[in-house]
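S.K.: Just need the structure, nothing else, for what follows:
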Amino acid sequence: MSANTPPDDGAAVREIARRDEVLELLFWMRGQGFGDQLSARDLAGFLVYPEGEIAATLQTLEGLGAVERRDGERYALTESGLPEARRRFVDDFREMLAEGHGECGFSCQQDHEHEPSPEPEEDRRKL
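M.R.: I've put the predicted structure just below:
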């Protein structure tokens, strides 16, 4: 790249997005019981990136201290990487994780009183 060639900001943004997605997926898979030590191949089935790019991202995250290599090509979130992965996951999926107005979570067994939904007119007054 010459001194007059601008940097490829798009590539940097894509790399940051890929890091976030890898961290989020490691966090989600750990929480779902799929394991806490995963390889680029394990993650590739859930992401739109080629396995080689995921492997490179895992190496970058290792250099940043967010993941550590275990058992060859497997990686696990570190003590400092876990809260970062959790934060990214919650930020991106906050709306999906929150219960809607008057709705229960997925584990509700309908054995308690539910808050009634507001009348349409009451709801409009709040807008």
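
S.K.: contacts, neighbours, all on C-alpha from now
M.R.: Fine.

S.K.: Confirm for me that residue 18 is in contact with residue 57.
M.R.: Yes - using CA atoms under 8 Å, residue 18 makes contact with residue 57 at a distance of 7.1 Å.

S.K.: so where's the protein shaky on pLDDT?
M.R.: When residues are selected by pLDDT under 70, those of the chain lie in 1-8, 97-127.

S.K.: redo that, cut-off 80
M.R.: 1-9, 94-127 (pLDDT under 80).

S.K.: all helices for it, in order.
M.R.: Using DSSP state H, the helices of the chain run over residues 9-31, 40-44, 51-63, 81-97, 120-126.

S.K.: between those helices, which gets nearest to residue 75?
M.R.: Closest to residue 75 of the helices of the chain is helix 51-63 (CA to CA; 7.4 Å).

S.K.: Can I get the closest one in PDB, CA atoms only?
M.R.: What follows is helix 51-63, C-alpha atoms only, in PDB (Å, rounded to 0.1, in the frame of the first residue of the first chain):
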ATOM      1  CA  GLU A  51     -13.400 -21.800   8.400                       C
ATOM      2  CA  GLY A  52     -10.000 -20.200   7.700                       C
ATOM      3  CA  GLU A  53     -11.200 -16.700   8.600                       C
ATOM      4  CA  ILE A  54     -12.700 -18.000  11.800                       C
ATOM      5  CA  ALA A  55      -9.400 -19.700  12.600                       C
ATOM      6  CA  ALA A  56      -7.600 -16.500  12.000                       C
ATOM      7  CA  THR A  57     -10.100 -14.600  14.200                       C
ATOM      8  CA  LEU A  58      -9.600 -17.200  17.000                       C
ATOM      9  CA  GLN A  59      -5.900 -16.600  16.800                       C
ATOM     10  CA  THR A  60      -6.400 -12.800  17.000                       C
ATOM     11  CA  LEU A  61      -8.700 -13.300  20.000                       C
ATOM     12  CA  GLU A  62      -6.000 -15.500  21.600                       C
ATOM     13  CA  GLY A  63      -3.500 -12.700  21.200                       C
END
